[in-house]
Structures are given as C-alpha cells and as structure tokens.
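*Asks:* Sequence first, then the predicted structure, then my questions.
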Amino acid sequence: MLNGKSVLITGGTGSFGHQYAATLLKKYNLKRLVILSRDELKQYDMEIKFKSDKNYSPEVMRFFIGDVRDQVRLKEAMRGVDVVIHAAALKQVPAAEYNPMECIKTNIHGAENVIQAALANNVGHVIALSTDKAANPINLYGATKLASDKLFVAANNMSGGRTIFSVVRYGNVVGSRGSVVPLFEKLISEGSTQLPVTHKDMTRFWITLQEGVNFVLKGLERMCGGEIFVPKIPSVRIVDLAQAMAPELPINYIGVRPGEKLHEIMCPKDDSHLTIEFADHFVITPSINFFLDKRDFALNKLNEKGKYVKQGHEYNSETNPHFLSVNEIIQYNNIASI
C-alpha cells in the first residue's frame, strides 16, 4: 500500500526511525520519505549512513529540521504526505518525573500538533507509537502517552473519514537507545564487576526493533481508524537478561527508579470490554462512538477476524504465558543486533 506514496516519520532519527526508514526503502518504491527531527547532527549522521544503502535515493529521502512542538513547521513538512508515523517523544521515565512540563509539551501538545497538521494537509493514514507505560500509568511519561493515545483516537471524530488515526502500543525494544541492553553492554565492555538490576521480580515485554517496525507496517494495512494495536510478544525477567548477557557477573539490586513499575501492562482489565483478541495481536477499541460511523473492529481491513476477550482479561508482563528462557534471550539479543 506504500508504493508511490509519501511517508513522514516524526522523530525519524531515533532507533525506530532508522529501522523503519531502512525497511521502507528496501520493501517499497516510495515517492518521498521525510525524516523530521530537531537534531541536525543526528540528521547528518543518518544521511551519511543511508547514502551507503543501495536503496537510498536523494530524490526520495528528505530531511526536515523541525520540532513536533511547532505546528507551523509540521504543516509545512506534511504537504503532499500520504502517511505519517509519529515516533517523536520524550520517553525517559526518570527524566520525565523531574521535567514534567517538557514531557507534556512534546508528548501531548506535540501529538495535538501532529493531528492538526495531518488534518490540514488531508493526510490519509496516521499511526502514533505508544508504550506499555500508557496502560494504567503511574509515571508522568506513561500519563502523557495515555493522553496522546486518547487524542489520536478522538481525532477520527474530526477528520470526516479523510484522515484515519490509529495507535500502536508495544513494550521494551531490545537494544533501543536508553534501554537496559545497551547499558549492560556498556558496563560489560568497561569491565564492570557487577550488573545493576532494580528489583529481583521485575519483568518486561520484549520486542526487537524489526518486529516493532513490521507490526506498524501491518497496522497500516489493518487499520479502520481508532484502534490501539497491541502485539502478542514475550516477556523477560530482568534477572534472566542479566544472566544471559553476563552469567559470570553478580547482580547488584539498586531499587526501583522514580516512576518505575515492577511489571508492565498493555491491555488493562478495565478495558477488557473494549479488547478484541486476534491470532497474533489485540485491539483496544475506542470507548466513544464516531459520528455517523459504525465500524466493526472485530473484522479488520485484511479480513482477519477477532473476538472480544472475557471480562477482566489483562495482558500483563508478569502473567504473560510466553516467557523467554535465558537461552532464548541470548538468541533474541543476537537477532536484534544483526
């Protein structure tokens, strides 16, 4: 569905943006691929890297310096764009706790700016990336992403069907910037004598960058507008991750960080009456009805059929039926590093 289309990625110089851009250039014959971010050095580095990619074309790949806080710039960047992937966010949990207004400006005000710019330019499809921390949030980052999710779902009420908006929510991305795997790798390479773990019982959902990219691409094909897509992915115990990466090193328990949960949730039980289960994913349907619109979310655009989960169902990293063993974590990390 993307051949001949123009695609814009906000926050496009991040880990996801790099992988998504490479995948798009490899799989599709795009008209334009616009990378929007606020860091000129990261854009320069990304352009140099992609120039060595056999699929790179300077006529296709464009770099726009801009911030999602700037609605005027977003409207300029989205001219002639068919698909927007909104990946820009401030996402470090402790930093958000200490700098709440900055997180709100980017994650909430920025989301509204993306919506208004997309509506003004009649963009066809918009997918916003979310996080498991937006489900029953206890930290500022998660609360801002929940607000963002609500904005994108409700935006379908304003578009008249010209622009459709959906959300993709998933867990920890293996090896992404600021995550635990690069931290452990750095400590190991520096000869650390122990690995810091916040709590012995901590669990997380686990997904590779490419799996995240593929799920977003599939979401574009599935979306009717208003869905929150949640992939079925494995969980890991952080102590198992430490053992997988450095079995010879002891663990130093340092305590839970500000705003951090022991376990993450992607489908809250309070939303179980809105949640549909498909073969490889869940869909959380809107809590509101769109004007003069009766969408059957149990049958998506790919004609995949789902069924509503039982009342009280919760998709939780602690009770997830699929946990990775230590050996599986090693294999997963190796795949993610390729």
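*Replies:* The structure has been received and is ready for your questions.

*Asks:* quick one, strands of the stretch 151-300 of the chain?
*Replies:* Secondary structure of the stretch 151-300 of the chain (DSSP state E, counting those that start in this stretch): strands at 164-170, 172-173, 195-197, 203-207, 228-231, 235-237, 251-253, 265-267, 275-277, 281-284.

*Asks:* Rebuild these as TSV, extending it with distance to residue 65, mean pLDDT and mean neighbour count.
*Replies:* The C-beta positions use only the backbone N, C-alpha and C, and glycine is treated the same way. Formatted as TSV, the strands of the stretch 151-300 of the chain follow (distance: least, CB to CB, whole Å; pLDDT from 0 to 100; neighbours: other CB atoms under 10 Å):
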stretch	distance to residue 65	mean pLDDT	mean neighbour count
strand 164-170	25	97	25
strand 172-173	25	90	24
strand 195-197	36	95	18
strand 203-207	30	95	24
strand 228-231	30	98	24
strand 235-237	37	97	23
strand 251-253	41	95	13
strand 265-267	34	97	25
strand 275-277	40	98	21
strand 281-284	35	98	24
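
*Asks:* Sketch out the low-pLDDT regions of the chain for me.
*Replies:* Where the chain drops to pLDDT under 70, the residues are 291-293, 337-338.

*Asks:* any idea what sits nearest the residue nearest the centre of it, other than its immediate chain neighbours?
*Replies:* The structure's the chain has its C-alpha centroid closest to residue 129; by CA atoms, centre = their mean the separation is 3.7 Å. Leaving aside its chain neighbours, residue 129 sits nearest to residue 87 (5.0 Å; criterion: CB to CB, 6 or more residues apart in numbering).

*Asks:* Report the separation between the one you found and residue 212.
*Replies:* As judged by CB to CB, to the nearest Å, residue 87 and residue 212 stand 10 Å apart.

*Asks:* which residues do these two both contact?
*Replies:* Counting by CB atoms under 8 Å, 6 or more residues apart in numbering, the common neighbours of residue 87 and residue 212 are residue 16.

*Asks:* so the residue nearest to residue 230 when sequence neighbours are not counted bridges to which residues?
*Replies:* Take residue 230 and drop its neighbours on the chain: the residue closest to it by CB to CB, 6+ apart is residue 282, 4.3 Å away. Residue 282 has the following beta-bridge partners by DSSP bridges: residue 230, residue 277.

*Asks:* right, and residue 282 touches residue 276 too?
*Replies:* Yes - assessed by CB atoms under 8 Å, residue 282 is found in contact with residue 276 at 6.7 Å.

*Asks:* what's the overlap in contacts for these two?
*Replies:* In contact with both residue 282 and residue 276: residue 309, using CB under 8 Å, 6+ apart.

*Asks:* For the chain, which segments count as helices?
*Replies:* Assigned by DSSP state H, the helices in the chain fall at 15-27, 40-51, 71-77, 93-98, 100-104, 110-120, 140-154, 180-189, 209-222, 238-245, 326-337.

*Asks:* Would you convert these into TSV that also reports mean neighbour count?
*Replies:* Output for the helices of the chain, formatted as TSV (neighbours: other CB atoms under 10 Å):
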stretch	mean neighbour count
helix 15-27	19
helix 40-51	14
helix 71-77	18
helix 93-98	18
helix 100-104	16
helix 110-120	22
helix 140-154	22
helix 180-189	16
helix 209-222	19
helix 238-245	20
helix 326-337	15
